[in-house]
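Peer 1: prediction below, plus the sequence it came from.
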Amino acid sequence: MATAEQRLAELGLELPPAPGAVAAYEPWVITGTMLYTSGQLPWRDGKTLLFKGQIGAALTLEQGTEACQLATLNCIAQLKSALGDLERVRRIVRIEGSLNMAPGHVMASPKVLNGASELVNAVFGERGRHTRMIYTFPELPLDTACLIVFWAEIA
Amino acid sequence: MATAEQRLAELGLELPPAPGAVAAYEPWVITGTMLYTSGQLPWRDGKTLLFKGQIGAALTLEQGTEACQLATLNCIAQLKSALGDLERVRRIVRIEGSLNMAPGHVMASPKVLNGASELVNAVFGERGRHTRMIYTFPELPLDTACLIVFWAEIA
Amino acid sequence: MATAEQRLAELGLELPPAPGAVAAYEPWVITGTMLYTSGQLPWRDGKTLLFKGQIGAALTLEQGTEACQLATLNCIAQLKSALGDLERVRRIVRIEGSLNMAPGHVMASPKVLNGASELVNAVFGERGRHTRMIYTFPELPLDTACLIVFWAEIA
């Protein structure tokens, strides 16, 4: 069985440095057997916000999906930073996804957020099988295209 | 003391089949003593989305309340599917309700979501006493009138 | 080390009475070692909703920050009501903040919610280091300027 890091490598993906929070809070907290991240943005290398504006207007739906993938990579980077080893993740319990969506794309939004879900499923396999909460806003903080949060059960 | 299933029967309500998820995620996950559902829509028999459009525009406030009741029935169906027996529910800890609300109904939205809360209170009694988070959006995925999530403590 | 109540006093802040819920749900629930509140509004003395309308339109950004502080005080009042003693709080795990934001203030919203985060950090010190989820809506229930939720690990 491949590890999560091996699967990332097979997918040609590299973990960015775990970004700091954009305000007076922490990127993650552990309580008991649970780890919760704060909202992760589609930062490239923790500094450049790569996807800004409304999905379906300033950005295509495909770019929205890529934004979700990149924000999810940053969530995984937070797990790595918090736990040292991604094999300590027992289960991704929930993904919360806030999307900056232009009006009129109600059929597309679940598919856009699959950018997050499918990456988690590919990297964590059975351990990646998660519940999901989707929020579609006409605007998001810092004009980010999306915000992704992980809840993970850890060993 | 009546069981949750007896109370459902007294209310003349039948559990629909537990709907599958609409994208690449799971309808529920158990971690430790907690069960979390994904967002449940007002599906009738798992196939027809019965309430679509904005509450307060395409739908009346009363229809919005009914949509919340139906989505909540689907949450209860997920509990039944996950646990086998609703008596394994110790407590409904939190209900999350996303409403597809037309602008200008800020005083009505908490009452609309009572469609979920009052059903949970009626079915689970003391075990149904829950916290609540309400989100009012101008649009929701698949144009659903609402999305309801349960967090339950389980035995 | 000052207690949370001593820090509140040093800040010149008094806990309001813990407000009841505005609909058919509970202001807080404890499950295992976790306490979750429902959404707290900027009530003064549990009765008058002090900040109403959109932040950045009806209200200034500064008033939005004050609204977050007041709703956070109400969260702390719920902790006190639930636990008797704020020293039973081990960690504020997560703050959820829904803001009633006028369009066009995407750079300001994280700073507005710092009204909640900075108060928690000041009152609880190390125990106050939390994750955060921000939601910016064009409208909120009862026309409140904000809704704040706490997740707390307790002893």
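Peer 2: Perfect, thanks for sending it. Residues are numbered from 1 along each chain as shown, chains lettered A, B, ... in the order given.
Peer 1: avg pLDDT for stretch A:113-127?
Peer 2: Averaged across stretch A:113-127, the pLDDT comes to 98.
Peer 1: can you list contacts of it?
Peer 2: A:1, A:4, A:7-8, A:11, A:64-69, A:71-73, A:76, A:89-92, A:95, A:97, A:99, A:128-130, A:132, A:134, A:148, B:23-25 (Cβ atoms under 8 Å, 6 or more residues apart in numbering or on different chains). Placement of C-beta: from N, CA and C, glycine included.
Peer 1: distance check, A:G128 against A:R91.
Peer 2: 8 Å (Cβ to Cβ, to the nearest Å).
Peer 1: for A:E66, same thing?
Peer 2: In terms of Cβ to Cβ, A:E66 sits 26 Å off from A:R91.
Peer 1: same check on A:L61?
Peer 2: 29 Å.
Peer 1: A:L147 too?
Peer 2: To A:R91, A:L147 is 22 Å away according to Cβ to Cβ.
Peer 1: picking up where we left off before, which of A:L61 and A:R91 has more residues huddled nearby?
Peer 2: Higher neighbour count among A:L61 and A:R91: A:R91, with 21 against 17, using other Cβ atoms under 10 Å in any protein chain shown.
Peer 1: if I've got this straight, A:E139 is in a strand?
Peer 2: No: looking at A:E139 with DSSP: H, G, I helix; E, B strand; the rest coil, it is coil, so not inside a strand.
Peer 1: all helices for chain A, in order.
Peer 2: Using DSSP state H, the helices found in chain A span residues A:4-10, A:61-83, A:109-124.
Peer 1: can you give me how far the shortest one is from the chain middle?
Peer 2: So the one you mean is helix A:4-10. Counting by Cα atoms, centre = their mean, to the nearest Å, helix A:4-10 is centred 16 Å from the centre of its parent chain.
Peer 1: give the buried residues for it.
Peer 2: A:4, A:7-8 (16 or more other Cβ atoms under 10 Å in any protein chain shown).
Peer 1: quick check, nearest of those to chain C?
Peer 2: Nearest to chain C among these is A:A4, at 21.6 Å by Cβ to the nearest Cβ.
Peer 1: contact partners for that closest one?
Peer 2: A:76, A:86-87, A:89, A:123-124.
Peer 1: can you tell me the closest non-neighbouring residue to it?
Peer 2: Distances taken as Cβ to Cβ, 6 or more residues apart in numbering or on different chains place A:L86 nearest to A:A4, at 3.9 Å, with adjacent residues excluded.
Peer 1: okay but that neighbour is in contact with A:I76, surely?
Peer 2: Yes: under the criterion of Cβ atoms under 8 Å, A:L86 makes contact with A:I76 at 7.1 Å.
Peer 1: more neighbours: those two, which one.
Peer 2: A:I76 (27 against 20).
Peer 1: circling back to that earlier point, with pLDDT and distance to A:S38 added, can I get the buried residues of helix A:4-10 in a markdown table?
Peer 2: What follows is these, written out as a markdown table (pLDDT from 0 to 100; distance: Cβ to Cβ, whole Å):
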| residue | pLDDT | distance to A:S38 |
| --- | --- | --- |
| A:A4 | 98 | 21 |
| A:R7 | 98 | 25 |
| A:L8 | 98 | 22 |
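Peer 1: closest one of those residues to chain B?
Peer 2: Using Cβ to the nearest Cβ, the shortest approach to chain B within the buried residues of helix A:4-10 belongs to A:R7, at 15.9 Å.
Peer 1: residues touching A:E14, list them.
Peer 2: Counting by Cβ under 8 Å, 6+ apart, A:E14 has contacts A:L8.
Peer 1: whoops, I mixed them up, A:L41
Peer 2: Counted by Cβ under 8 Å, 6+ apart, A:L41 has contacts A:19, A:22, A:49, A:71, A:74, A:142, A:144, A:146-147.
Peer 1: would you write a PyMOL line that selects the buried entries of those?
Peer 2: A single PyMOL command selects the buried members of those (16+ other Cβ under 10 Å):
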select buried, chain A and resi 19+22+49+71+74+144+146+147
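Peer 1: A:E139 is in contact with A:L99, isn't it?
Peer 2: No: between A:E139 and A:L99 there is no contact under Cβ under 8 Å: 11.0 Å.
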